[in-house]
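> make a model of this:
(2 chains)
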Amino acid sequence: SAVISQKPSRDICQRGTSLTIQCQVDSQVTMMFWYRQQPGQSLTLIATANQGSEATYESGFVIDKFPISRPNLTFSTLTVSNMSPEDSSIYLCSVDRVHYGYTFGSGTRLTVV
Amino acid sequence: QQQVKQSPQSLIVQKGGISIINCAYENTAFDYFPWYQQFPGKGPALLIAIRPDVSEKKEGRFTISFNKSAKQFSLHIMDSQPGDSATYFCAAGGGTSYGKLTFGQGTILTVHP
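Predicted coordinates for the structure are as follows:
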């Protein structure tokens, strides 16, 4: 299956600051997806990132809060801006690989204090 | 219309028993139904997935049963082992929601030795 590397794996951040999460895939993919998993909860899609175009955000998520970059077909970043304790979650990137299905990175566990 | 409802929330099974988790969806345009297994501190791992052209798919001890008319699908884990203890998520996607997965609420499975 696709190898997806996320950095950092975890971080503790001060409220009001921003954190950029990186997602690297071992092969080219058209679409990359960013999800949020709040403590003890299920996964919710934040946005879809296509190379060469602006990300498409789901209801409840906005670009100012979660800016996304997709500079090439193997890499994307998600920034969590102006963080508050409510942003404490696991952030996951995902890709759809033909024959392998939708696979996820190991996630970035963010704690905002 | 995008919801996926999963039950039960938690499940306790004895070693060697059968674990059964159920999901129901609303959007008839969904055409991809995966199950994920998640261990604490890890990202979700794709277990098995099915498309609506078949009613059952088996991979090792894991079987998906799919009922298109009822808009339901279930995961059966045969000969459950303590190592299967994890959180399981069903999801649905495809159709007009290509690339996006809508997740169920998750089931915490505990398999007692």
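
> please count neighbours and contacts with C-alpha atoms only from this point.
Noted.

> quick one: secondary structure of A:Asn82?
coil (DSSP: H, G, I helix; E, B strand; the rest coil).

> any idea where the strands of chain A begin and end?
Per DSSP state E, chain A carries strands over the ranges A:4-7, A:10-13, A:19-25, A:31-37, A:43-50, A:56-57, A:68-72, A:75-80, A:89-97, A:101-104, A:108-112.

> state the distance from A:Ser53 to A:Arg70.
8 Å (CA to CA, to the nearest Å).

> more neighbours: these two, which one.
A direct count of neighbours by other CA atoms under 10 Å in any protein chain shown for A:Ser53 and A:Arg70 places A:Arg70 higher, at 20 against 10.

> ok, the more buried one touching A:Leu78?
No. The criterion here is CA atoms under 8 Å, and A:Arg70 misses it with A:Leu78 at 9.2 Å.

> up against chain A, what does chain B have?
By the rule CA under 8 Å from any CA of the partner chain, the part of chain B lying against chain A is B:41-46, B:49, B:89, B:99-106.

> one more pass at 6 Å, please.
By CA under 6 Å from any CA of the partner chain, the residues of chain B that approach chain A are B:42-43, B:105.

> and the residue in chain B positioned nearest to chain A, how far from A:Gln28?
Closest contact between chain B and chain A, by CA to the nearest CA, is at B:Gly43 (4.0 Å). Applying CA to CA, the value for B:Gly43 to A:Gln28 is 21 Å.

> for the two, indicate the residue with more neighbours.
B:Gly43 (22 against 14).

> touching, B:Gly93 and B:Thr28? I think so.
No. With contact defined as CA atoms under 6 Å, B:Gly93 does not count as touching B:Thr28 (10.2 Å).

> and these two? which has more neighbours close in?
Neighbours per residue (other CA under 10 Å) separate B:Gly93 from B:Thr28, with B:Gly93 holding more: 20 against 12.

> leaving out the residues flanking it, which one is nearest to the more buried one?
Using CA to CA, 6 or more residues apart in numbering or on different chains and skipping residues adjacent in sequence, the residue nearest B:Gly93 is B:Leu101, 4.7 Å away.

> and the contacts of the helix or strand of chain B with the lowest mean pLDDT?
Sorting the helices and strands of chain B by mean pLDDT, DSSP states H and E puts strand B:97-103 at the bottom, at a mean of 81. With CA atoms under 6 Å, 6 or more residues apart in numbering or on different chains as the test, strand B:97-103 has contacts from B:90-93.

> any idea how many residues pack against residue 108?
You didn't say which chain, so I picked chain A. So A:Thr108, with other CA under 10 Å, has 25 neighbours.

> not what I meant, chain B
20.

> and for the one 4 residues further on?
Other residues within reach of B:His112 by the criterion other CA under 10 Å amount to 15.

> quick check, it in contact with B:Leu11.
No. Using CA under 6 Å, B:His112 is not in contact with B:Leu11; the gap is 10.7 Å.

> residue of chain A nearest chain B, please.
A:Ser106 (4.0 Å).

> that residue is in contact with B:Gly43, isn't it?
Yes. With contact defined as CA under 6 Å, A:Ser106 counts as touching B:Gly43 (4.0 Å).

> per-residue pLDDT of B:Gln1, please?
Note for B:Gln1: predicted pLDDT of 56.

> low pLDDT regions in chain B?
B:1-2, B:95-98 (pLDDT under 70).

> redo that, cut-off 90
B:1-3, B:28-29, B:31, B:41-42, B:52-53, B:93-100 (pLDDT under 90).
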